[in-house]
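> okay, predicted coordinates and the sequence, questions at the end:
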Amino acid sequence: MAPGGGDGRRNGEGQQQANGNNNNNNSNAKAKHGCVCGFPVCACAGAAAVASAASSADMDRVAAAQTEGQIGAVNDESWIAVDLSDDLSGDGGGADPGVAIEDRPVFRTEKIKGILLHPYRVLIFVRLIAFTLFVIWRISHRNPDAMWLWVTSIAGEFWFGFSWLLDQLPKLNPINRVPDLAVLRQRFDRADGTSRLPGLDIFVTTADPFKEPILSTANSILSILAADYPVERNTCYLSDDSGMLLTYEAMAEAAKFATVWVPFCRKHGIEPRGPESYFELKSHPYMGRSQEDFVNDRRRVRKEYDEFKARINGLEHDIKQRSDAYNAARGLKDGEPRATWMADGNQWEGTWVEPSENHRKGDHAGIVYVLLNHPSHSRQLGPPASADNPLDFSMVDVRLPMLVYVSREKRPGFNHEKKAGAMNALTRCSAVISNSPFILNLDCDHYINNSQALRAGICFMLGRDSDTVAFVQFPQRFEGVDPTDLYANHNRIFFDGTLRALDGMQGPIYVGTGCMFRRITLYGFDPPRINVGGPCFPSLGGMFAKTKYEKPGLELTTKAAVAKGKHGFLPLPKKSYGKSDAFVDTIPRASHPSPFLSADEAAAIVADEAMITEAVEVCTAAYEKKTGWGSDIGWVYGTVTEDVVTGYRMHIKGWRSRYCSIYPHAFIGTAPINLTERLYQVLRWSTGSLEIFFSRNNPLFGSTFLHPLQRVAYINITTYPFTALFLIFYTTVPALSFVTGHFIVQRPTTMFYVYLAIVLGTLLILAVLEVKWAGVTVFEWFRNGQFWMTASCSAYLAAVCQVLVKVVFRRDISFKLTSKQPAGDEKKDPYADLYVVRWTWLMVTPIIIILVNIIGSAVAFAKVLDGEWTHWLKVAGGVFFNFWVLFHLYPFAKGLLGRHGKTPVVVLVWWAFTFVITAVLYINIPHIHGPGGKHGGAIGKHGAAHHGKKFDLDNLSYNWP
């Protein structure tokens, strides 16, 4: 309904209007020449293959300030060990002046230095052999005094070795890919300021303006609007699953402020493009001609931004006050629904401040508003400075990208599938409006930190053989994390280690945000060419894999499509895509690898009433009923980690992915630094991984198009929570063994120590080599191990229990949204939320493990002091392991103490206090020793020590880690 009785659809009145030719008719693109892939026009064909129109000349000064326009992963913060002798095209990795620009690759592929990679691979093999021999020794040396302990420990050792192998094998071929922006500009940017880069739709999702700060969402939108990408080829969509007027009006305010912020960024080459982060910088570099001009502009824009923040912070009060006034004027009686009113005097069709029927979360109409219309094709210079406006934008393009607010319809009785459902609704809505061939998704707390990020990502979509690339994954980077990264929020071991290594296989997995997609991959299309099994080991992809070429579903035309196969130009039956003919008609243009319009054919998108009506229609709650959405089309349903399974579905079709790590970092977001919020976040991830394992998307049964080591990586990411079952045993039983006298290993031999030393030594050396080639620090590797222990003992264990209940009893699992709103006082302490203690049941298991290990170590110490154990060196290994467990759980204990845990001494004092008290009680309380008196019966069947007689440890079992 429209505001005040309409259908909830309107164009952004009072917002920037599109200029120039608004013709929406498309004509056939001209294929210059064919290609081996079977497409008449494709990314393989070089510069002639891609044609679209836009302007990106405003940021040429920024590109010139970078080293030859290239963005690489090497920076002052980390060192990436790469060998520049190899690149994608095999031309030596450098730019050969004699090579035509259309033949130069837009990215390089660099090998990791052999001095790091070769020993790394050899040591993996050595450790595998040593571990196998170690397990054989363990099996052949049973412990008849505690068979249950021996069997359980053997099972645990098998699992730890298996999980280590799953984690290590996909890291055999790490590589580093570097986009070359200089070549990209030379190939696709024209001298007249226009560009032939493809269109890009950017999705931003939010679900609750109170848990996800609305100012953070506004900053994300502003950074997107200011990014260095052709203006008319960049369309931003905000999905608001709450359907609240607060979010809409905040975005309307952001659109107004963008008319000042975006030209300011273009004029002075501002980095980063998020205003909140930019104004927090201590120094403010600029690219303008005059420092005085920059200082004056910055002072003016800062004032505008402060006023903008004040309006954002006051929106909630303004909306409530306005709605109360309108409702009072209508003379509503008690019990009558009290509507929420927009600034133009129309009723809001989404969720009301005071929820009512058809106007509450989970029950409201679909809404699509165009806040910023599509810009014209030609550049539009801003006004010169004046008395009313001191900002001089007379030499700056002031056009803004299109901005669309979307809130899908929600009704009771429909499963809305959380974020995956919102992304699918955005996919259909954007297809009806802009239908760009590429899609980038960002969470609302992530902003574009590097204005070149979009160009860097598109390099991997336009390079040679890139027509089989489904998505480009950027690493997640975070700000606001405490300097010590207590809970391993940065997780660079995963992003810069695991994902970088997978780039050498079939590609990194999709991790939820900061990912650029090829639109057709979301529609269920197969890649145009895929590797199929050769004559040897076809189930593993073939030892001699062959390349299979397939014709496209249609020729590059917007008027007619050449029917192909059972379903014409569609890979699936038409009804699988839904009942909207307007949406299905957009698929032919998106189903080609390079469906770009030439500069002469480009035209502004006219978001008329018919288009908006259709966009609302494809966002209705019932649209996906009896369709392929959520299974074969779009983001996959059935798990809370829709990202992983969606990427997996693309990989099993033969699609590839790319990893794009650049510096300055492409996107920066916020991470939960509170212990409870962090544990719930990991619980959600681990639960989703197990849901995939127990579903039809289990990687064990994927197609043969999945690279063997890529399959191993997916098996690892869907089974890692099972580690909790064995780790709980290994973190408690050794400590309890000091009390019970039953140990894991009986009478260790010299070979036992040799195998154990090799296993542990190679593990440490492998860690050092991985740290070097991944470009991370030893401290980050260490923090990652500490939080792995905490997560395994809490969130992983809870995930296993929850998923087993779901599988056995068919009960759904619900999760609360991770709060990104800090609970502490950020003005006084930016890390105040770190010290806020919120009790959760996830803390129970780690607390028990800490107490058990402290008590076990104290009992062992007391027995040595009391004379029960004479050869204390023989139990030193077990005691060391206990302290190893405690050391890994130190961040958890520190967080558990809250603000009192800011000083590490406090934690150590509590541990020491518990340790001493336990030892003193053991020595001084007679009945603990059993019926033999003070020194009697402590070791059970191994014999009892009595007064004046020392206990012999020669025949005692050894407690090893």
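Ah, there it is.

> output the longest helix belonging to the protein.
helix 291-329 (DSSP state H).

> buried ones in that one, by neighbour count?
The neighbour-count criterion (16 or more other C-beta atoms under 10 Å) identifies 293-294, 297-298, 301, 304-305, 308-309, 312, 315-316, 319, 322-323, 326-327 as the buried residues of helix 291-329. C-beta: built from backbone N, CA, C; applies to glycine.

> got a list of contacts for the host helix or strand of residue 761?
Residue 761 belongs to helix 750-774 when assigned by DSSP states H and E. Contact partners of helix 750-774, identified using C-beta atoms under 8 Å, 6 or more residues apart in numbering, comprise 79-81, 112-113, 116-117, 119-120, 123-124, 126-127, 130-131, 133-134, 137, 141, 168, 171, 174, 492-493, 496-497, 500, 745, 777-778, 781, 960.

> other residues contacting the helix or strand harbouring residue 807?
Taking DSSP H and E as the criterion, residue 807 maps to helix 797-809. Residues outside helix 797-809 that contact it (C-beta under 8 Å, 6+ apart): 683, 686-687, 689-691, 694, 721-722, 724-725, 728, 811-813, 841-842, 845.

> quick one: the helices in the stretch 551-700 of the chain?
Secondary structure of the stretch 551-700 of the chain (DSSP state H, counting those that start in this stretch): helices located at 581-584, 587-590, 609-617, 642-651, 675-693.

> again, but for the stretch 301-450 of the chain
Counting by DSSP H, counting those that start in this stretch, the helices of the stretch 301-450 of the chain are 418-433.

> which intervals of this protein have sub-threshold pLDDT?
Applying pLDDT under 70 to the chain flags the ranges 1-102, 286-289, 529-569, 591-604, 741, 815-828, 866-874, 899-961.

> domain-wise, how is it divided?
Domain assignment for the chain by automatic domain parsing gives 9-27+184-476+511-671, 116-173+699-942.

> quick one: closest of these to residue 679.
Nearest of the domains of the chain to residue 679, taken as C-beta to C-beta: domain 116-173+699-942 at 4.6 Å.

> if we can go back for a sec, let me have the domains of the chain in JSON lines, adding distance to residue 108 as columns.
Converted to JSON lines, these look like this (distance: least, C-beta to C-beta, whole Å):
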{"stretch": "domain 9-27+184-476+511-671", "distance to residue 108": "10"}
{"stretch": "domain 116-173+699-942", "distance to residue 108": "16"}
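
> count of neighbours near residue 182?
20 (other C-beta atoms under 10 Å).

> report all helices and strands that the one helix or strand it maps to contacts.
Using DSSP H and E, residue 182 maps to helix 181-188. The contact analysis (3 or more C-beta pairs under 8 Å, 6 or more residues apart in numbering; DSSP states H and E) places helix 181-188 against helix 60-65, helix 453-462.

> ok, residue 146 to residue 153 distance?
9 Å (C-beta to C-beta, to the nearest Å).

> still on that earlier bit, which of the domains of the chain is buried the deepest?
Of all the domains of the chain, domain 9-27+184-476+511-671 has the most neighbours on average by mean count of other C-beta atoms under 10 Å, namely a mean of 20.

> run the chain-centre distance for stretch 660-675.
How far stretch 660-675 lies from its chain's middle: 9 Å, per C-alpha atoms, centre = their mean, to the nearest Å.

> whoops, I mixed them up, stretch 779-796
18 Å.

> hmm, who's touching it?
484-488, 490-494, 679-680, 682-683, 686, 720-724, 727-728, 731, 767, 770-771, 842-843, 845-846, 849, 885, 887-892.

> keep only those of those residues that are in strands.
Within the contacts of stretch 779-796, no residue falls in strands by DSSP state E.

> so can I have JSON lines of the helices of the stretch 551-700 of the chain showing distance to residue 409?
Converted to JSON lines, the helices of the stretch 551-700 of the chain look like this (distance: least, C-beta to C-beta, whole Å):
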{"stretch": "helix 581-584", "distance to residue 409": "15"}
{"stretch": "helix 587-590", "distance to residue 409": "22"}
{"stretch": "helix 609-617", "distance to residue 409": "8"}
{"stretch": "helix 642-651", "distance to residue 409": "20"}
{"stretch": "helix 675-693", "distance to residue 409": "26"}
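
> of those helices, which is nearest residue 452?
helix 642-651 (24.4 Å).

> list the contacts of the closest one.
417-420, 423, 470-471, 506-507, 509-512, 515, 521, 634-636, 638-639, 657, 688-689, 692, 695, 697, 699, 702, 705-707, 710, 714, 717-718.

> go again with 6 Å.
Under the criterion C-beta atoms under 6 Å, 6 or more residues apart in numbering, residues 420, 470, 506, 509-512, 521, 635-636, 639, 692, 697, 706, 714 lie in contact with helix 642-651.
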